[in-house]
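# Sequence and predicted structure below; questions after.
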Amino acid sequence: MRFHGSPCWYELTTADAAGSQGFYGPLLGWTFRDAGMPGMDYTLAMAEGAMVAGMFAPPHGTPEGWLVYFAVDAVDATCAQIADLDGAVLMPPADIPDTGRFAVAADPQGAVFGLLQPLEGQQGNAFDQTKAGHGNWHELTVPDPVAALAFYGAVLGWEQAEAMDMGAMGTYHIIGWQGQQIGGIMRPPEPGIPAMWAPYFGHPSIKAAMEMITASGGRILMGPMEVPGGAFVCMALDPRGACFALVGGA
């Protein structure tokens, strides 16, 4: 199985590591441990022993928030392709010891995402639609979803699995990767929302999760909302303003 184009990692930049762990730990059932990276404080979030996300302090000038990574076969070649397609390479390829080679880029509409060329045997299972606390869905909000689908199709091999008519909100373009539906692309629901990726994490109960979010200082942006297939979703801001979403049972 080729991993090129698969979601593979989730990373939160936060200036309050303890506070973020206190928020996401109870909400998603995560435990935390230091990654042991020389010269850098990088915290790993664990779900039942599996590494599912990372947290670290934002570099100078970088906003706090979630970053979604996608696996690629060759990160240097993918970065060159992104530049050729009018995207931008924000952080050039660099090696992560014992993990692989990574980069950070933006699509032509400004949505930022990460790339990871994992070492053999290091693909991981942060993205698993069958498990709570793991990445489950990925939503891209951009002014021109059709152009975005063409860009990511060229770079990551995605295709449109389905197009859902949402009335005044336009079409929701479901992303297909190797026969699996992994996310969606849509126009901003209201003016002023920047181009962005939002990760969805699995949760057993969206109602219970929403109560935990508000009780812990977060803010609900949307939900609960039932989606095709009988699942429910909500979108929220954590106490530091990072946008994320959850999907699961009622």
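Perfect, I can see it now.

# mind giving me the domain split of the protein?
7-118, 135-249 (automatic domain parsing).

# Of all those domains, which one is nearest residue 129?
Taking CB to CB, domain 135-249 is the member of these nearest to residue 129, at 5.0 Å. For every residue, glycine as well, the C-beta is placed using N, CA and C.

# and that closest one, how far from the chain's centre?
Centroid separation between domain 135-249 and its chain, computed with CA atoms, centre = their mean, to the nearest Å, is 10 Å.

# what pLDDT, on average, does that domain get?
Mean per-residue pLDDT for domain 135-249: 96.

# Turn the domains of the chain into JSON lines, columns for mean neighbour count and distance to residue 127.
Output for the domains of the chain, formatted as JSON lines (neighbours: other CB atoms under 10 Å; distance: least, CB to CB, whole Å):
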{"stretch": "domain 7-118", "mean neighbour count": "17", "distance to residue 127": "4"}
{"stretch": "domain 135-249", "mean neighbour count": "17", "distance to residue 127": "4"}
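
# want to throw those domains into a markdown table with distance to residue 129?
Shown next, in a markdown table, are those (distance: least, CB to CB, whole Å):
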| stretch | distance to residue 129 |
| --- | --- |
| domain 7-118 | 10 |
| domain 135-249 | 5 |
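
# what about the helices in the protein?
In the chain, the segments counted as helices under DSSP state H are 17-28, 75-84, 145-156, 206-215.

# want to try a markdown table for these, with distance to residue 106 as columns?
Converted to a markdown table, the helices of the chain look like this (distance: least, CB to CB, whole Å):
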| stretch | distance to residue 106 |
| --- | --- |
| helix 17-28 | 24 |
| helix 75-84 | 8 |
| helix 145-156 | 11 |
| helix 206-215 | 28 |
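
# Residue 47 is nearest to which of the ones you listed?
Nearest of the helices of the chain (CB to CB): helix 17-28, 7.0 Å.

# ok, residues contacting that closest one?
12, 14, 30-32, 41, 43, 45, 47, 55-57, 132-133, 201, 203, 209, 212-213, 216-218, 238-240 (CB atoms under 8 Å, 6 or more residues apart in numbering).
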